[in-house]
Structures are given as structure tokens and as C-alpha cells.
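Chemist: predicted model and sequence follow; I will ask about them next.
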Amino acid sequence: MSGTTPKSWRSRLLQATMLLAVLALVWGVQRTLPVAPGMLAAVTGLGLLLLAGTLASELLELVGLPHLTGYLLAGIVVGPHVLHLVDHHTVERLGVVNSLALALIALAGGAELRIESLVRAARSLAWAHAFQLVVIIGVVGGVFLALARWMPFLDGLTPLGVAMVALLWGVLATTRSPSAVLGLLAQLRPKGPLTETTLAFVMSSDVVVILLLALTLALARLGIDPAASFDLSTFADLGHELLGSTALGTTLGIVLALYLRYGGRNLLLVLVALGLPMTALLEYVHLDPLLSFMVAGFVVQNFSRGGDKRARAHRGHRLRRLLRHRRRAPRPAGLRAHLAGGADAGRRAHRRHLRRRARGQPRGRRRARHPALGLVGPGVAGRARARRRTRHRARVPRIRRRFPDAGHRRRRHQRAARAGAVQARSGSLRRVQSRARGGGRRGREAGLGAWAAEIQPRVGPG
């Protein structure tokens, strides 16, 4: 599913053996030499998770599952609930890595959003958000109310309080995971309107959930606590979070855009160096890192040259890969004749143009035609010429024996045409034509004769 060359069963067997050997080695070392919680345990746990996740994701390709499933299964098996190769303290210390990964995922997701695609899919996004809010909140809230009597933590709440808790659960069910969607898109590389709409829906649902969750918390507080009152400061905090996250994300996007414009080297190191302190700063001032980095990626993609450069580089990479594939693929005889005929027609037209300029004739009238005929027409004519050339190829030796100087004459005419083009660009031919124009036919012939004598040394004898 990764789009690479399928691996043999020997490679898969080697990967499975390596995975089992690594797990057995770490398990034996921890049972023999217990490692105290600290930086060494965190680094060891991170390396083990990366190695186990990579090998498990490669093995799950055999059953058609995405790499993300392999990462999840490896984390469950290696984590503190199954094999206990990574304990709870190490998982807590790796929270910094999780924050950095989410920041980079949000940055990549924002960089995939373009204003044109958002404008085209605006109505679809609005209907999708409205449908999911009504259906998911209604279904999840109804199921929660039906099972409320078997939930001990709801004892002592009024029916209104139970309804507010059910509403809160329904809102939480509408959340989406951008990391899962971006992981699948990075592996499968799909393209099309469905992919753009899905990505825009998932990334915009973060903003919708933040707004809806703040409103639901304010209403749930009123239903659960009778002494509580409706406080507008909740919405003030919400506005501070949204506007502050957007402002800092825009600033970060401008900084990244300037860096891409005036350098852009070692971009991954720069993103890691900016991601860690920016994530800590956003959490310290109670802002949303996911929203900020998504806005930063959106700014870089749509309001700077870095986004266009990235898109052009991606399109150029796809074009080079296509051309490389076309060069490797054998061309059929009809295609070769079509291309050869088109090239031959182009060379003939160029020679006619040079001869007209050398003789002082005006350019021929261009016929109005469809733009596609510029490629199809020479190709169709070229196929006929290629057939005639193949049919008369047997006569070429006899023609060469009869006219031995034909090739020299053709090359001499080509040199004369090139010299005429050079003189036309320099302006000497136009001066000769202007002097000869007033003398009629004889004056024109005399002027062209003088011009031919002028360029004769450049052409050569004959």
C-alpha cells in the first residue's frame, strides 16, 4: 500500500525475525538489568517504539492494512499494558515528542489547504459539519441517555444534568484526528476533489469543535450546578484562545515564508527547532498549538512564494518521473513515425521561413486553426511522409550515385540560410531592401546581388 516495489517473502521473514529478536532482547535486558526511569530509559523507549512500529507496519502490508495500524499495534504491545517494555514514566517523558509530532502534523495539514479548494468546497463543508453535528450528537447523546441508569457516576444528578452530560459526550464524539488522516494521505498519496474536501473537513473540524465545546461546557455547567450562572467570561477566554492562536500562527507562517524565500536550507531542522519552543510557549499562554501550526502552514502555502515553489517542485517531480517512465517504455512504430514526421515538418517550415527572409518576401498568411491542430496536423502529415520515405528508401543509393553533390549542395544552402538569418537580425538585409525598393525590379536584383556578394565569404565557395 505504500506504493513501493513489493518485497519478497524473504524480506518479510527477515523483518518478522528482526522484530521478534528486538522485542526478546529488550525484554531480557530489562529482566536482567533493570533500567531506572530517566533520560536513558526515555531514549531507549523512543528507539524501541520507532523500530517496532516501522517493522510492524511493513509486516501489516501483507494483509492490506495501512502503516498507521502497525504503529498503533506496536505501541499497544510494547507499552505498559502488555509487555511493559516502555513504562508509564517513560510515556510521560515522551510527551514532548508527541507535542512536536502534533505540531508538525498540523503544519503539514495547513500546508495542504489552498484557498481555491476551500472556496470550491465551502458549501460541501458547511453541509458536512451540520450533518455530523446533528446526527452524531443526536445518536451518541441518545445512546448515553439510554444507558444512563447503569452508569454509577451519574447518581445524584437531575435529569437535566444527565442530559447535559449526554450533550457533552455527543460533542466529544464529533472530534476528528488530523494525524490519522494525514498519515494515510502521506502513505497512499491520493489526489482529487474527495481528498481535498476530506482534508479541509478534518482540519476545519478542529475550529468547530473548539467553539462547540466551549458553548457546551457553559450550558453543562448550568445544568449540573444549580447555583452556577451564565458567565460571558467563558466566551472571552474562547475568543482569546482563537484569536491568539491565529495571530501567533500567522506570525510563525510569515517567519517560515521569509526563511523559505531567502534560503530554505535544512528546513526539517528549522521546523524541529521552532516546533519545540513554540509548542511550549503556546501551552504556557493557554493557546491551541494545533490551530496555530495549522494557520502557519496555511499562510506559507497561500500567501508566500514558498507554497508555490513547493507545489511547482512537486509537479516538476511528477513530470520528471512521467518522462523517465516514457523514456523507458518502448515506443510503437506509429508513434515513432508521428514524432519523426512532426519534427521533419517543423524543420521544413523553419527552412521556408529563412528562405523567405533571405529573398525579402513577406511572411505567409497564417491560417486560423484550432490550437490542437498545431500538434495533430504536422503529426498526421508526418506519418504520410514517413510512409513515403520508407517506400522510397530503396531508391536512395541510386539517387546518390546519380547526384553525388546533392548532400554538399543541401549543406551549402543551409549555411546560406543561417548566414541570411544572421544578416537579417543585424539589419543589413533591411537596408539593402530599402535601397532597392525605389529602383524597381532591376534595383532590387542589384541590391540582392550586392547583399549576396557581401555574405559570400561567410558561406564559402560554391
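Modeler: In hand now; what should we look at?
Chemist: got the CA coordinates for the helix or strand where Thr17 lies in PDB?
Modeler: For Thr17, the host element (DSSP states H and E) is helix 9-32. Extracted in PDB, the C-alpha atoms of helix 9-32 (Å, rounded to 0.1, in the frame of the first residue of the first chain):
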ATOM      1  CA  TRP A   9       8.800 -13.300   1.300                       C
ATOM      2  CA  ARG A  10      12.400 -13.500   2.400                       C
ATOM      3  CA  SER A  11      12.400  -9.800   3.200                       C
ATOM      4  CA  ARG A  12       9.100 -10.200   5.100                       C
ATOM      5  CA  LEU A  13      10.500 -13.100   7.000                       C
ATOM      6  CA  LEU A  14      13.700 -11.200   7.900                       C
ATOM      7  CA  GLN A  15      11.600  -8.300   9.100                       C
ATOM      8  CA  ALA A  16       9.500 -10.600  11.400                       C
ATOM      9  CA  THR A  17      12.600 -12.200  12.700                       C
ATOM     10  CA  MET A  18      14.200  -8.800  13.500                       C
ATOM     11  CA  LEU A  19      11.000  -7.600  15.300                       C
ATOM     12  CA  LEU A  20      10.900 -10.700  17.500                       C
ATOM     13  CA  ALA A  21      14.600 -10.600  18.200                       C
ATOM     14  CA  VAL A  22      14.500  -6.900  19.200                       C
ATOM     15  CA  LEU A  23      11.500  -7.500  21.500                       C
ATOM     16  CA  ALA A  24      13.100 -10.500  23.100                       C
ATOM     17  CA  LEU A  25      16.400  -8.700  23.500                       C
ATOM     18  CA  VAL A  26      14.800  -5.700  25.200                       C
ATOM     19  CA  TRP A  27      12.600  -7.900  27.400                       C
ATOM     20  CA  GLY A  28      15.600 -10.000  28.500                       C
ATOM     21  CA  VAL A  29      17.800  -6.900  29.300                       C
ATOM     22  CA  GLN A  30      15.000  -5.300  31.300                       C
ATOM     23  CA  ARG A  31      14.500  -8.500  33.300                       C
ATOM     24  CA  THR A  32      18.300  -9.000  33.900                       C
END
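Chemist: what are the contacting residues of it?
Modeler: Contacts to helix 9-32, defined as CB atoms under 8 Å, 6 or more residues apart in numbering, come from residues 35, 44, 48, 51-52, 55-56, 58-59, 62, 77-78, 83, 85. Backbone N, C-alpha and C define where each C-beta goes, glycine included.
Chemist: how about a cut-off of 10 Å?
Modeler: Residues from elsewhere that reach helix 9-32, judged by CB atoms under 10 Å, 6 or more residues apart in numbering: 6-8, 35, 41, 44-45, 47-48, 51-52, 54-59, 61-62, 74, 77-78, 83-87.
Chemist: mean confidence for it?
Modeler: Averaged across helix 9-32, pLDDT comes to 83.
Chemist: where does pLDDT dip in the stretch 151-300 of the chain?
Modeler: Within the stretch 151-300 of the chain, the ranges that satisfy pLDDT under 70 run 228-231, 234.
Chemist: need the next SSE after the helix holding Thr17, C-terminal direction.
Modeler: Downstream of helix 9-32, the next assigned helix or strand under DSSP H and E is helix 39-59.
Chemist: for the next helix or strand after that following helix, packing partners?
Modeler: Scanning forward in sequence from helix 39-59 by DSSP H and E, the next helix or strand is helix 67-78. Helices and strands touching helix 67-78, by 3 or more CB pairs under 10 Å, 6 or more residues apart in numbering; DSSP states H and E, are helix 9-32, helix 39-59, helix 178-188.
Chemist: and helix 67-78 with helix 39-59, angle?
Modeler: Relative orientation of helix 67-78 versus helix 39-59 (axes from the mean of the first three to the mean of the last three CA atoms, to 10 degrees): 130 degrees.
Chemist: in the helix holding Thr17, what counts as buried?
Modeler: 15, 19, 22-23, 26, 30 (16 or more other CB atoms under 10 Å).
Chemist: which one of the residues you listed sits closest to Ala166?
Modeler: Leu23 (42.5 Å; CB to CB).
Chemist: quick check: that closest one vs Ala101, distance?
Modeler: Leu23 sits at a distance of 23 Å from Ala101 (criterion: CB to CB, to the nearest Å).
Chemist: now swap in Thr54 and tell me
Modeler: 15 Å.
Chemist: where exactly do the helices run in the stretch 151-300 of the chain?
Modeler: 159-173, 178-188, 193-224, 233-261, 267-284, 289-302 (DSSP state H, counting those that start in this stretch).
Chemist: list the buried residues in stretch 249-265.
Modeler: For stretch 249-265, by 16+ other CB under 10 Å, it's 249-250, 252-253, 255-257, 259-260.
Chemist: same list (those) but as JSON lines, adding distance to Leu185.
Modeler: Below are the buried residues of stretch 249-265 laid out as JSON lines (distance: CB to CB, whole Å):
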{"residue": "Gly249", "distance to Leu185": "21"}
{"residue": "Thr250", "distance to Leu185": "25"}
{"residue": "Leu252", "distance to Leu185": "23"}
{"residue": "Gly253", "distance to Leu185": "21"}
{"residue": "Val255", "distance to Leu185": "26"}
{"residue": "Leu256", "distance to Leu185": "21"}
{"residue": "Ala257", "distance to Leu185": "23"}
{"residue": "Tyr259", "distance to Leu185": "25"}
{"residue": "Leu260", "distance to Leu185": "22"}
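Chemist: ok, so of those, who is nearest Gly297?
Modeler: Closest to Gly297, out of all of the buried residues of stretch 249-265 and judged by CB to CB, is Gly253, at 7.1 Å.
Chemist: about what we covered before: got CSV for the helices of the stretch 151-300 of the chain, with distance to Ser124 too?
Modeler: Below are those laid out as CSV (distance: least, CB to CB, whole Å):
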stretch, distance to Ser124
helix 159-173, 21
helix 178-188, 16
helix 193-224, 6
helix 233-261, 23
helix 267-284, 31
helix 289-302, 19
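Chemist: for those, which one ends up most surrounded?
Modeler: Neighbour counts (mean count of other CB atoms under 10 Å) averaged over each of those peak at helix 289-302, with a mean of 25.
Chemist: one step back: compare the helices and strands packed on helix 67-78 and give me the one nearest Leu113.
Modeler: Minimum separation from Leu113 across the helices and strands packed on helix 67-78 (CB to CB) falls at helix 178-188, 11.2 Å.
Chemist: send me the closest one as CSV with only the CA atoms.
Modeler: What follows is helix 178-188 as a C-alpha-only set of coordinates in CSV (Å, rounded to 0.1, in the frame of the first residue of the first chain):
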residue,chain,number,x,y,z
PRO,A,178,-5.8,15.1,11.8
SER,A,179,-2.8,12.9,12.5
ALA,A,180,-4.6,9.7,11.3
VAL,A,181,-5.9,11.4,8.1
LEU,A,182,-2.5,13.0,7.3
GLY,A,183,-0.8,9.6,8.0
LEU,A,184,-3.0,7.9,5.5
LEU,A,185,-2.6,10.6,2.9
ALA,A,186,1.2,10.6,3.2
GLN,A,187,1.3,6.9,2.6
LEU,A,188,-1.3,6.5,-0.1
